[in-house]
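Asker: need coordinates for the below:
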Amino acid sequence: MQDTQERVNPKTAGFKCRLCPCCNGKACTGELPGMGGVSGNSNFKANYEGWEKAAANSGNREPVSFPEIWLAPMTGAVENIGYHQEREYYFDMVNACAGAGINITTGDGVPDEKFLFGLEALKKENVKGGIFIKPYSDENIFERMEKAVSCARLIGIDIDAYSIVTMRNLAKLEKKSVSSLKKIQDKAHEAGLPFAVKGIFLPEEKELLEELHPDIAVISNHGGRIETRPGNTADFLSGYAEEFSPLCGELWVDGGLRTSAHIKAAGLLGAKAVMIGRPFVSALLSGGAAAVKKTAENLSGENRQGIL
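Answerer: Numbering: from 1, shown residues only. As a prediction, the model looks like this:
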């Protein structure tokens with residue numbers, strides 16, 4: 001991918017994303033709100049470095065199947081990305097990813113309109129997506145699920161989002177119990193939808209998977225944006241895939257994946273799908289739908305030149 005800094009100046013454009021040619025966490029250290037993470041972007045940087053190492057160790061091996069690529073659920077476009085309007089971000093991103101053949105997820109945030117904008121964008125493009133909901137009260141989650149079911153391919157809960165720094169004092173989020181997650185899973189299954197838990201990053205979460213057996217478990221440290229233990233998603237997948245895979249339908253992973261070689265490594269380590277966020281954001285900002293499509297081609301290996 002061409003160095004986007006040659007085409008767009010993020011400062012004059014008002015973007016908080018720096019449009020770095022390699023999104024490795026070095027330029028936006030500690031920028032929250034913004035595109036950075038907590039603790040000096042330590043886990044953000046570690047994620048990228050972990051996938052670089054995993055790719056180097058993969059050699060010429062090929063996974064049985066190349067992991068599916070999904071747009072990660074990202075909200076807060078104005079405060080975090082510097083997008084001109086919150087609503088337009090969801091419509092622009094969903095349109096671009098749909099045109100590029102990328103599987104789509106949407107998320108939620110404060111105020112509730114962020115959640116609704118994502119649903120509107122899916123309906124406008126006549127596509128269905130993964131709907132990831134923050135860990136509100138069960139009643140609040142059920143209300144969101146009811147609104148989302150008509151445009152959902154799956155329902156997921158961001159189980160680690162209760163510790164997102166930027167949402168403190170803005171919403172009442174909670175650490176969900178297994179019994180609560182089982183109720184939500186049952187509701188999803190009643191609607192004929194797979195259920196995902198996103199935010200698996202602690203060894204002790206094996207107990208959660210043993211009791212819940214979700215359709216999808218997403219290994220994630222929220223891109224380095226939450227306070228959790230130090231580490232990266234590549235190492236965690238490598239260390240726990242064999243142990244965790246029998247406890248869920250599929251293992252997915254996100255955080256720091258930037259090239260087709262990274263995604264191939266994820267497949268070799270046991271991931272059936274990956275979720276990509278920041279690279280698609282910087283592509284949209286720098287070149288619109290055409291750049292998102294180019295990024296998708298790079299990630300899928302259709303065009304192996306460039307770093308994202």
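Asker: every contact and neighbour count from this point should use C-alpha atoms.
Answerer: Will do.
Asker: can you give me the strands for the stretch 201-308 of the chain?
Answerer: Assigned by DSSP state E, counting those that start in this stretch, the strands in the stretch 201-308 of the chain fall at 216-219, 250-254, 273-276.
Asker: mind putting those into JSON lines with distance to G192, mean neighbour count and mean pLDDT?
Answerer: Formatted as JSON lines, these follow (distance: least, C-alpha to C-alpha, whole Å; neighbours: other C-alpha atoms under 10 Å; pLDDT from 0 to 100):
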{"stretch": "strand 216-219", "distance to G192": "14", "mean neighbour count": "25", "mean pLDDT": "98"}
{"stretch": "strand 250-254", "distance to G192": "17", "mean neighbour count": "26", "mean pLDDT": "98"}
{"stretch": "strand 273-276", "distance to G192": "20", "mean neighbour count": "24", "mean pLDDT": "98"}
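Asker: can you tell me the closest non-neighbouring residue to I81?
Answerer: K16 (5.0 Å; C-alpha to C-alpha, 6 or more residues apart in numbering).
Asker: would the one you found count as being in a helix?
Answerer: No: K16 is assigned coil when assessed by DSSP: H, G, I helix; E, B strand; the rest coil, not a helix.
Asker: surely it meets G76?
Answerer: No: counting by C-alpha atoms under 8 Å, K16 sits too far from G76 to count as a contact (11.7 Å).
Asker: any idea how far N103 lies from S286?
Answerer: 21 Å (C-alpha to C-alpha, to the nearest Å).
Asker: who's more crowded, the two?
Answerer: Using other C-alpha atoms under 10 Å as the criterion, N103 and S286 rank with S286 on top: 23 against 19.
Asker: looking at the more buried one now. What's its pLDDT?
Answerer: For S286, the pLDDT comes out at 95.
Asker: equivalent analysis for N169, please.
Answerer: pLDDT, read off for N169, is 64.
Asker: now D215
Answerer: Per-residue pLDDT puts D215 at 98.
Asker: what's stretch 214-229 in contact with?
Answerer: Here stretch 214-229 makes contact (C-alpha atoms under 8 Å, 6 or more residues apart in numbering) with 36-39, 41-45, 47, 160-161, 163-165, 185, 194-202, 232-233, 236-237, 247-256.
Asker: ok, which stretches of the protein are helices?
Answerer: 10-13, 42-58, 86-100, 113-125, 138-148, 178-190, 206-212, 233-244, 260-268, 278-300 (DSSP state H).
Asker: distance of E190 from K182?
Answerer: 12 Å.
Asker: apologies, that question was intended for P33.
Answerer: 33 Å.
Asker: next up, the contacts around the most centrally placed residue in the chain.
Answerer: Centroid check for the chain by C-alpha atoms, centre = their mean gives A72 as the closest residue, at 2.9 Å. By C-alpha under 8 Å, 6+ apart, the contact list for A72 reads I104, T105, T106, D254, M275, I276, G277.
Asker: list just the nearest of the residues you listed to C20.
Answerer: C20 lies nearest to G277 out of these, by C-alpha to C-alpha, at 14.0 Å.
Asker: what's the closest of the strands of the stretch 201-308 of the chain to I133?
Answerer: Closest among these, using C-alpha to C-alpha: strand 216-219, at 13.7 Å.
Asker: strand partners of that closest one, parallel vs antiparallel please.
Answerer: Using DSSP bridges, strand 216-219 pairs in its sheet with strand 195-200 (parallel), strand 250-254 (parallel).
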